[in-house]
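Colleague: following is a predicted model, sequence given first.
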Amino acid sequence: MKFFEKYDSFKNQRVEILNEEGNVIHEELRSKELTDEKVLEAYKIMNLSRNQDDYQNKMQRLGKMLSFLSSTGQEATEVGYAMQVKKGADWFVGAYRNNAAWLTAGIPMRNIMLYWAGNETGNIAPEGINVLPVNIPIATQYSQASGIAFAEKYKKTKNVVLTTTGDGGTSEGEFYEAMNFAKLHEVPCVFMVENNKWAISTPRSKATKALNFAIKGVSVGIRNVIVDGNDLFAVYSVVEEAIKLAREGKGPSLIEFDTYRLGAHSSSDDPKVYRPEKEFQEALTRDPLIRTKKYLISKKIWSDDLQKKLDLEQQEFIKKEFEWVLANNKVELEDIFKYNFETMPDLLKEQYEEAKAHFDKHGYERGGH
Amino acid sequence: MAALNNIQALNHALELAMKKDESIIIYGEDAGFEGGVFRATVGLQEKFGENRVFDAPIAEATLAGQAIGMGVAGMRPIVEMQFEGFSLPAFQNIFAHIARFRNRTRGRWTCPIVIRMPMGGGIRALEHHSEALEAMFAHCPGLTVVIPSTPFDTKGLLLSAIESNDPVIFLEPTKIYRAFKQEIPDEYYTLPLGKAYTIQEGNDLSIVTYGAQVMDCEKAVAAYQNENPNATIELIDLRTIQPWDKKTIVESVKKTGRLLVVHEAVRSFSVSSEIIASIQSECFEYLKAPCARVTGYDIMIPFDAGEYFHQPNVNKVLDKIRETIEFKF
């Protein structure tokens, strides 16, 4: 064990591999799997998610999308762990702020957009992608993840479960309860905390007096570590070890990612009301995209020209995905009835017929009733 | 007199109550510094300090549990849950303890707590932000459940809720937080809990509704009376869901002989179920038509793209008014 043994969360240490100038400062800690090609691949998804956030923000302002929760600032964390979820085997049980992770784990962008446009069909994960739907209540995903991990262990597979919450989510009782169960049964679950410093308008200092979030694992006996969440290399390498330990039957881990939410909590709030400008400006200098790009440029596999080309391609792709969403954001009346039970009970059939008669008479368009 | 919307009336009531009684404190997720997601408590921390108005960690079960402790120790906590859908983790403390303390201790200890939460749909929100769970709270003995529909009522009912020595679940329809303004008195006033308000009197049909559906019903009633100038409809805002004002509604139905109940919550085992069952048994010989209702369906609240199918609307109410008034045995 490179990380969980060596690093002591009681000393508030954190794992760092790639510094803010884009230089590798701990080559010995870098995963052998994280080749430069893989870094480039990860960077492209980070950039895609950032571009998608920007686009969705614009669409939300125009009233074409509901509130959504952007991953801006947290892309290195989300891509760094999600790229290790083995498709068709492992599971990802996310929170509501996981755009970059969903893209990485194989959720089509159009599904994510459809969801934020207020349509349940966006929740449908493609076959072979074990990603649970958006989890709006806080920290409940931790329990679900520990249950899946229990099932995988019971079935004697080597599959693992990754689950994540924000720093705010660690205040919920379920955060502790789920980890306690997971450790008791030594299930293959990786618990993660994306510490982005803010729970809506509540700063970390008003959420807990604990030294950090990782040591909350100590109370239930789970090994833990803090990672620079804006350092793709550190994120990847530590998660790799946690997954390896889980696959080997060595139980759960807790990883705190020290990152920052550069955007609003949701597109409905304005962080300028509660967030000190100085803190925000400082956080901008630690932007994970800039850091990763600096590394790639230093390796001569990236350039400003390539960046411009990528941005154009991605923006075009995002626009097309959203156009598809606009054309397909339809809900049939029957759809809101038929999935409540396997077989629609007679009472519900009656209500469906009643609703159908109403909309047949008054029209099916929103506002046309 | 000042023209205020519902959220401003709420904020105004909280300020007056806090000035009057030092045992009142307000807390909840983001309720302090920023004033809550809808700004219901905005400015109160500045006026009353961080000891009396503060942000609490996201932990609904504990938010409710702590209110019990404060309540039995002589304080009057007002707790903000961010949305009604997020009150579910707090059900344990609300149902198992808050509601029971008076009975359990034969009156030795009580829970003079107000739990406020935004409720209901129609605001293009995400999952769990549009629930209408009033019937669930009303099922629990010991809880008073209030849903205001106007700024005047919001202020008067909230001040009564705060004065109440029993726990009150105060549900605020988000759809009408800022829908309109109303001139309301500047001074402290209360409205009785458990008492319905007759918005307009009539002889041909009694409509009972509450919260955001009051507006839909007003429009539907106006449309029907416009088409049928001789018809008059009695429109009643229930205001308090539990204990509900049976007397007012019985008297109304005895006069009109017809009842329509309108709410957005699911139909089965709902507020309308209770009202209609009671009216059937107490006014059977007066009824000229089957008691009717317009409600949400017995389904999960659809996401935004399908939500309009589920919610009551003016035409659903208007059609049901016609059907009930024109019913012939």
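Modeller: That came through fine.
Colleague: for residue 103, what are its contacts?
Modeller: With no chain named, the answer covers chain A. Counting by Cβ atoms under 8 Å, 6 or more residues apart in numbering or on different chains, residue A:103 touches A:45, A:48-49, A:52, A:109, A:112. (Each C-beta comes from the backbone N, C-alpha and C, glycine too.)
Colleague: wrong one, I was asking about chain B
Modeller: Contacts of residue B:103 by Cβ under 8 Å, 6+ apart are B:141-142.
Colleague: so where does it fall, helix or strand?
Modeller: Residue B:103 belongs to helix B:101-104 when assigned by DSSP states H and E.
Colleague: which one of the contacts of residue A:103 sits closest to chain B?
Modeller: Of all these, residue A:112 has the smallest distance to chain B: 13.1 Å, by Cβ to the nearest Cβ.
Colleague: so which residues of chain B form strands?
Modeller: All strands of chain B, identified by DSSP state E, fall at B:2-4, B:24-28, B:53-55, B:76-80, B:114-119, B:144-146, B:168-173, B:182-184, B:197-200, B:205-209, B:233-237, B:240-242, B:259-266, B:292-296.
Colleague: among those, which comes closest to residue A:66?
Modeller: Nearest to residue A:66 among the strands of chain B is strand B:114-119; the distance by Cβ to Cβ comes to 15.9 Å.
Colleague: and the residue of chain A closest to chain B?
Modeller: Minimum separation of chain A from chain B (Cβ to the nearest Cβ) falls at residue A:118, amounting to 2.6 Å.
Colleague: tally of neighbours for that residue?
Modeller: Neighbourhood size, residue A:118 [other Cβ atoms under 10 Å in any protein chain shown]: 22.
Colleague: what does the one 4 residues further on give?
Modeller: Using other Cβ under 10 Å, the number of residues around residue A:122 comes to 23.
Colleague: same check, this time on residue B:128
Modeller: For residue B:128, using other Cβ under 10 Å, the count is 16.
Colleague: just the pLDDT for the closest residue in space to it that isn't next to it in sequence.
Modeller: Nearest non-adjacent residue to residue B:128, counting by Cβ to Cβ, 6 or more residues apart in numbering or on different chains: residue B:85, 3.4 Å away. What the model reports for residue B:85 is a pLDDT of 92.
Colleague: just confirm residue B:85 contacts residue B:131, I think it does.
Modeller: Yes - when contacts are counted by Cβ atoms under 8 Å, residue B:85 is listed as touching residue B:131 (4.2 Å).
Colleague: who's more crowded, the two?
Modeller: residue B:131 (26 against 22).
Colleague: need the contact list for that one.
Modeller: For residue B:131, the contact set (Cβ under 8 Å, 6+ apart) comprises B:83-85, B:119-120, B:301.
Colleague: how does it look with 10 Å?
Modeller: Residue B:131 is in contact with B:83-88, B:117-121, B:125, B:171, B:264-266, B:300-301, counting by Cβ atoms under 10 Å, 6 or more residues apart in numbering or on different chains.
Colleague: please report the distance of it from chain A.
Modeller: When distance is defined by Cβ to the nearest Cβ, to the nearest Å, residue B:131 is 11 Å away from chain A.
Colleague: state the pLDDT value of that residue.
Modeller: For residue B:131, the pLDDT comes out at 94.
Colleague: equivalent analysis for residue A:367, please.
Modeller: Looking at residue A:367, its pLDDT is 61.
Colleague: then residue A:297?
Modeller: Note for residue A:297: predicted pLDDT of 98.
Colleague: helix/strand/coil for it?
Modeller: The local conformation at residue A:297, judged by DSSP: H, G, I helix; E, B strand; the rest coil, is helix.
Colleague: quick one, phi/psi of the nearest residue to it once chain neighbours are set aside?
Modeller: Distances taken as Cβ to Cβ, 6+ apart place residue A:303 nearest to residue A:297, at 6.6 Å, with adjacent residues excluded. Dihedral pair for residue A:303: phi -150, psi 170, per degrees, to the nearest 10.
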